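S.K.: here are the coordinates; sequence isn't available:
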């Protein structure tokens, strides 16, 4: 399993991004978790993205002309739902769900994991270790040597994403 294949799969998770907060040695993959009550994860991320685009657009326009007087889309019956969503203030935190060590062969990735599953995986596979520099109870580091089939690795990546976003908490099944 190569780094690019793993990274492409991780970045296919909705609203994920890659950063290097700990230096160039480890890529950290995060997802935005909105903290506004009553706003779903997907809607919160959509609103944040739209607001970000609107802010960039306004800053470029303001250099060339005066901004238009503020209007309230909520009072304008012709305003789209998307326009109304832009007025919702969404704040949140980017939470990490995958870390991949750069330049390692085999690929080494760390994933958040249900504690009971984490322990089971460590007992079953010699290439599943306690999370390197992470909470040992909730994180595993996996060496992608081929001992775990790619489908199971994908399931564990999705499991990590779901734990962080609270999108689903079904624990993946591990083949005996």
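M.R.: Yep, it's here. Since the model is a prediction, treat every value here as computed from it, not as a measurement. Residues are numbered from 1 along each chain as shown.
S.K.: mind showing which ranges of this structure have poor pLDDT?
M.R.: Within the chain, the set of residues satisfying pLDDT under 70 comprises 36-91, 167-176.
S.K.: how about the helices in it?
M.R.: Taking DSSP state H to define them, one finds helices in the chain at 3-11, 41-62, 81-86, 115-124, 150-165.
S.K.: domain ranges for the chain?
M.R.: Following automatic domain parsing, one gets these domains for the chain: 3-32+96-165, 41-86.
S.K.: Could you verify my assumption that residue 10 touches residue 100?
M.R.: Yes. When contacts are counted by Cβ atoms under 8 Å, residue 10 is listed as touching residue 100 (7.5 Å). Every C-beta, even on glycine, is put in place using the N, C-alpha and C of the backbone.
S.K.: Looking at the two, which is more packed in?
M.R.: Higher neighbour count among residue 10 and residue 100: residue 10, with 23 against 20, using other Cβ atoms under 10 Å.
S.K.: Please list all residues in contact with that one.
M.R.: By Cβ atoms under 8 Å, 6 or more residues apart in numbering, the contact list for residue 10 reads 16, 29, 98, 100, 157.
S.K.: how near is it to residue 124?
M.R.: Using Cβ to Cβ, to the nearest Å, residue 10 is found at 23 Å from residue 124.
S.K.: what sits in contact with each of residue 10 and residue 100?
M.R.: Contacts common to residue 10 and residue 100, judged by Cβ under 8 Å, 6+ apart, are residue 29.
S.K.: Residue 100 bridge partners, please.
M.R.: As for beta bridges, residue 100 partners with residue 27, residue 109 under DSSP bridges.
S.K.: Nothing else from me, thank you.
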